[in-house]
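Chemist: coords please:
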Amino acid sequence: MTNAQAFLKVCKEFGSFDRFLWSFVDGKPVKNRWRTIAEIPASTELSDRVSSELKKRGFRFVGTTIIYSHLQAVGVVNDHVVGCFRYNQV
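Modeler: Model prediction:
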């Protein structure tokens, strides 16, 4: 199965890939309180769970670090440091 095929299956089951991702956090973004960039991890328990679930569903190249970056990019995880002007905006 290709990632595209697996993606379509997830969309059919959940209504959208967005809903699938947000289901891991009950629809509420994770707002971390890092003080420095050095504190931000490359992966977390959340990205481990999402990565594992995607692999079970036939996705490939979805390691925990890649997934953590994706969760940050789409707003599921807010990893702006607390001193960043965008921290409270997102």
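Chemist: tell me how far the ends of stretch 76-90 are from each other?
Modeler: 10 Å (CA to CA, to the nearest Å).
Chemist: can you tell me the centre-most residue of the protein?
Modeler: Leu71 (2.5 Å; CA atoms, centre = their mean).
Chemist: element containing it?
Modeler: Using DSSP states H and E, Leu71 falls within helix 64-73.
Chemist: packing partners for the helix or strand that that helix is followed by?
Modeler: The element immediately downstream of helix 64-73 (helix or strand, assigned by DSSP H and E) is strand 77-78. Counting contacts by 3 or more CB pairs under 8 Å, 6 or more residues apart in numbering; DSSP states H and E, strand 77-78 is packed against strand 30-31, helix 64-73. To be clear about C-beta, it is placed using only N, CA and C from the backbone, and glycine gets the same treatment.
Chemist: for those, which one ends up most surrounded?
Modeler: helix 64-73 (a mean of 18; mean count of other CB atoms under 10 Å).
Chemist: now what about it, what contacts it?
Modeler: With contacts defined as CB atoms under 8 Å, 6 or more residues apart in numbering, helix 64-73 is touched by 21, 30, 41-44, 46-48, 50-51, 54, 77-79.
Chemist: any idea how many residues pack against Phe59?
Modeler: Close neighbours of Phe59, defined as other CB atoms under 10 Å, add up to 20.
Chemist: so what's it closest to, chain neighbours aside?
Modeler: Nearest residue to Phe59 in three dimensions, chain neighbours excluded: Ala6, at 4.8 Å (CB to CB, 6 or more residues apart in numbering).
Chemist: that neighbour: what's it in contact with?
Modeler: 54, 57-59.
Chemist: of those residues - the most surrounded one?
Modeler: If you rank these by neighbour count (other CB under 10 Å), Leu54 sits at the top with 23 neighbours.
Chemist: check that residue and give its pLDDT.
Modeler: The model reports Leu54 with a pLDDT of 98.
Chemist: equivalent analysis for Val62, please.
Modeler: 97.
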